[in-house]
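J.: Need coordinates for the below:
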Amino acid sequence: MNRLSSLAKILALVVPVLVGCSQTDGQGGAYPSLAVIDPIADPDQRADAPLETPRDALERDLRAARAKQIARLETYAAAGQFAMNTDADGLRFVWRDTAGRLCAMADLVSASGRKDLVDRVAHDDNALQLASVTSGELHDWMLHSGLTVEEIQLVQEPGFRVRQQPDLAWEIARKRDHLRAVVERLQADTDRSIAIAVDRLLPPRA
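T.: Model (predicted):
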């Protein structure tokens, strides 16, 4: 069996490609021309295979990033460990609360490996509204997150002030319901949102 396997490998390496050549059959006729296909050729690497454009590559990356964000958001909503507004009356954005809990967008940034950005925002402006960010590393993260700026604003909602336990239970339920609705919308809007995200990162098509 080993000898047969070795012979097959040798033949695959030494058999020439015969295109357009013929041999006689001893009676004046000719055998059909033979074409030997390289047995190790990758179909995806053939000369006639379509090439991936920069736009195609970016769209692929953004779709993968978006799928991760949606899955992480579902996990975050189910866990119910939401950042809470315990200081300001009315509605307020809270990036990280006094107990160390993160808001939905801070959690996504942290889960992507950018805990440094989470710490920076918590230190510099814990009530930051991401819709106001137009430059810098955090803005770059947003553009490559697979979510549009509008969707990020939808995910990062402000919270009502929590004073007592009944307030906390109500706010947790409210936030969870909101995020579950957001997840459904993100899933439904994927194609349209990815097209918008790609257009914002690449020059317009000619």
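J.: C-alpha only now, for contacts and for neighbours.
T.: OK.
J.: Walking through the protein, point out its helices one by one.
T.: 2-14, 54-79, 104-111, 115-124, 136-143, 149-155, 165-188, 190-201 (DSSP state H).
J.: helices or strands up against the shortest one?
T.: Okay, so that is helix 149-155. helix 104-111, helix 136-143, helix 165-188 (3 or more Cα pairs under 8 Å, 6 or more residues apart in numbering; DSSP states H and E).
J.: hmm, try it at 10 Å
T.: helix 104-111, helix 136-143, helix 165-188, helix 190-201 (3 or more Cα pairs under 10 Å, 6 or more residues apart in numbering; DSSP states H and E).
J.: Nearest the geometric middle of this structure, what residue?
T.: Ala65 (1.2 Å; Cα atoms, centre = their mean).
J.: what sits against the residue lying closest to Gly100 once chain neighbours are set aside?
T.: Using Cα to Cα, 6 or more residues apart in numbering and skipping the chain neighbours, the partner closest in space to Gly100 is Ala83 (7.7 Å). Contact partners of Ala83, counting by Cα atoms under 10 Å, 6 or more residues apart in numbering, are 93-104, 106-107, 158-159, 172, 175.
J.: picking that back up, identify, out of the helices of the chain, the most deeply packed stretch.
T.: Among the helices of the chain, helix 104-111 has the highest mean neighbour count (mean count of other Cα atoms under 10 Å), at a mean of 20.
J.: quick one: that one to helix 136-143, angle?
T.: 100 degrees (axes from the mean of the first three to the mean of the last three Cα atoms, to 10 degrees).
J.: just checking, what packs against helix 104-111?
T.: helix 54-79, helix 115-124, helix 136-143, helix 149-155.
J.: tell me the average confidence for the first one?
T.: Read it as helix 54-79. Mean per-residue pLDDT for helix 54-79: 97.
J.: could you say what helices and strands that helix packs with?
T.: Packing partners of helix 54-79 (3+ Cα pairs under 10 Å, 6+ apart): helix 104-111, helix 165-188, helix 190-201.
J.: Out of those helices, the one nearest Arg55 is which?
T.: Among those, helix 190-201 comes nearest to Arg55, with 7.2 Å by Cα to Cα.
J.: Need the phi and psi values for the residue nearest to Ser193 when sequence neighbours are not counted.
T.: Among residues not flanking Ser193 along the chain, Thr148 sits closest, at 6.3 Å (Cα to Cα, 6+ apart). Dihedral pair for Thr148: phi -80, psi 160, per degrees, to the nearest 10.
J.: Hmm, Leu201 and Thr148 touching each other?
T.: No: between Thr148 and Leu201 there is no contact under Cα atoms under 10 Å: 11.1 Å.
J.: Spit out the contact partners of Met105.
T.: 69, 73, 95, 111, 118, 130, 142, 152-157.
J.: Surely Ala197 touches Leu62?
T.: Yes: here Ala197 lies in contact with Leu62, judged by Cα under 10 Å, at a distance of 7.9 Å.
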